[in-house]
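>>> below is the sequence, then the predicted model.
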Amino acid sequence: MKVMVMVKATKDSEAGVLPSQELLTAMGEFNEALVDAGIMEAGEGLKPSREGARVHVNGKDRTVTKGPFIETNELVAGYWIWKVSSLEEAIEWVKKCPNPMDEASDIDIRPIYDMEDFKDVDTDGKCQDQEEALRHTIAMRQAQVNNYLFFSGCCDDALAFYQTHLGARVDMLLRFNESPEPMPEGMLPPGYEEKVMHCEFTIGDMTIYASDGCGDEGEFAGFNLALTIDSEEQARQVFDALADGGTVRMPLEKTFWSPLYGQVIDKFGMGWMVMLPPVE
């Protein structure tokens, strides 16, 4: 079951009094224990009600009232979302919680409805299907998508090249002979033991994954990496570097979407679209 654990507001929290360093540390350690136990799914502190608003709903009417609100004992100053086996387990965890305030405080525990609770109302299951679809959409919108490049044996050379000409930063690199588990027999070509099994590098604000793969992975096809640079001088310098030993597919020139845009395949077979940002 899931529960929301709510730290009720106090006079000090509504006044915006921040917790002490000692209390922050204690709460941090408690949160670590929750995470280690696989219980905590979310948790945040809330600013005083004077920085919020309340919307009163009456039929089609909506009345907005700006904070602060006077019912301090009814307000929430922070919350957790926990996944526990029972209300009793949640109670035991709350008993272990440091006092989240520097004064007497209350912590409420409320079970969260599950769609199973509405089965007598949602008799055809349509609402449950909608809920599951929404959860999937939310999960996918929070997912991360990264390019994964296979350099067929020349990953080290490509990384050195991108570090020199594109300011790439290698954040992590693992070679096949450093794998925590041995590679299956016959999977690697001879001499590939010191090749790159996996690495992560950053160009600008983009993180790229790369590997030498397990041999000839074929050509990069069907996509390009788009590189937007603010400076025309730097864009031309980068384009020329990528073109050295590579192939220019479209020279840098003005387009309707960019003051300067060009396409080039570098000497490792990677396609790039180099451009300036559009003029606003």
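Received the coordinates, thanks. Bear in mind the structure is a predicted one, so any value in this text is a computation, not a measurement.

>>> need the helices for the stretch 1-150 of the chain, in chain order.
11-14, 21-36, 87-96, 126-141 (DSSP state H, counting those that start in this stretch).

>>> any chance of those helices in CSV, plus mean neighbour count?
All C-beta atoms are positioned from the backbone trio N, CA, C, and that covers glycine. Listed next are the helices of the stretch 1-150 of the chain as CSV, based on neighbours: other C-beta atoms under 10 Å:
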stretch, mean neighbour count
helix 11-14, 18
helix 21-36, 13
helix 87-96, 14
helix 126-141, 11
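
>>> adding mean pLDDT and distance to residue 1, write those out as JSON lines.
Output for the helices of the stretch 1-150 of the chain, formatted as JSON lines (pLDDT from 0 to 100; distance: least, C-beta to C-beta, whole Å):
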{"stretch": "helix 11-14", "mean pLDDT": "94", "distance to residue 1": "28"}
{"stretch": "helix 21-36", "mean pLDDT": "95", "distance to residue 1": "16"}
{"stretch": "helix 87-96", "mean pLDDT": "97", "distance to residue 1": "8"}
{"stretch": "helix 126-141", "mean pLDDT": "93", "distance to residue 1": "16"}
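
>>> export these to a markdown table and tack on distance to residue 184?
Below are the helices of the stretch 1-150 of the chain laid out as a markdown table (distance: least, C-beta to C-beta, whole Å):
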| stretch | distance to residue 184 |
| --- | --- |
| helix 11-14 | 58 |
| helix 21-36 | 34 |
| helix 87-96 | 43 |
| helix 126-141 | 32 |
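
>>> how about those, which one is nearest residue 147?
Nearest to residue 147, of all the helices of the stretch 1-150 of the chain, is helix 126-141, at 17.9 Å by C-beta to C-beta.

>>> how far does the closest one sit from the chain's center?
19 Å (C-alpha atoms, centre = their mean, to the nearest Å).

>>> dump the C-alpha coordinates for it into PDB.
Extracted C-alpha coordinates of helix 126-141, given in PDB (Å, rounded to 0.1, in the frame of the first residue of the first chain):
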ATOM      1  CA  LYS A 126     -12.100   1.900 -18.300                       C
ATOM      2  CA  CYS A 127     -11.000   4.300 -15.500                       C
ATOM      3  CA  GLN A 128      -8.300   1.800 -14.500                       C
ATOM      4  CA  ASP A 129      -7.100   1.500 -18.100                       C
ATOM      5  CA  GLN A 130      -7.000   5.300 -18.300                       C
ATOM      6  CA  GLU A 131      -5.000   5.500 -15.000                       C
ATOM      7  CA  GLU A 132      -2.500   2.900 -16.200                       C
ATOM      8  CA  ALA A 133      -2.100   4.800 -19.500                       C
ATOM      9  CA  LEU A 134      -1.500   8.100 -17.700                       C
ATOM     10  CA  ARG A 135       1.100   6.400 -15.400                       C
ATOM     11  CA  HIS A 136       2.900   5.100 -18.500                       C
ATOM     12  CA  THR A 137       2.800   8.500 -20.100                       C
ATOM     13  CA  ILE A 138       4.300  10.200 -17.000                       C
ATOM     14  CA  ALA A 139       7.000   7.500 -16.700                       C
ATOM     15  CA  MET A 140       8.000   7.900 -20.300                       C
ATOM     16  CA  ARG A 141       8.100  11.700 -20.000                       C
END
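
>>> which other residues reach that helix?
With C-beta atoms under 8 Å, 6 or more residues apart in numbering as the test, helix 126-141 has contacts from 115, 118, 119, 121, 122.

>>> rewinding a little: out of the helices of the stretch 1-150 of the chain, which comes closest to residue 190?
Closest of the helices of the stretch 1-150 of the chain to residue 190 is helix 126-141, at 41.4 Å (criterion: C-beta to C-beta).
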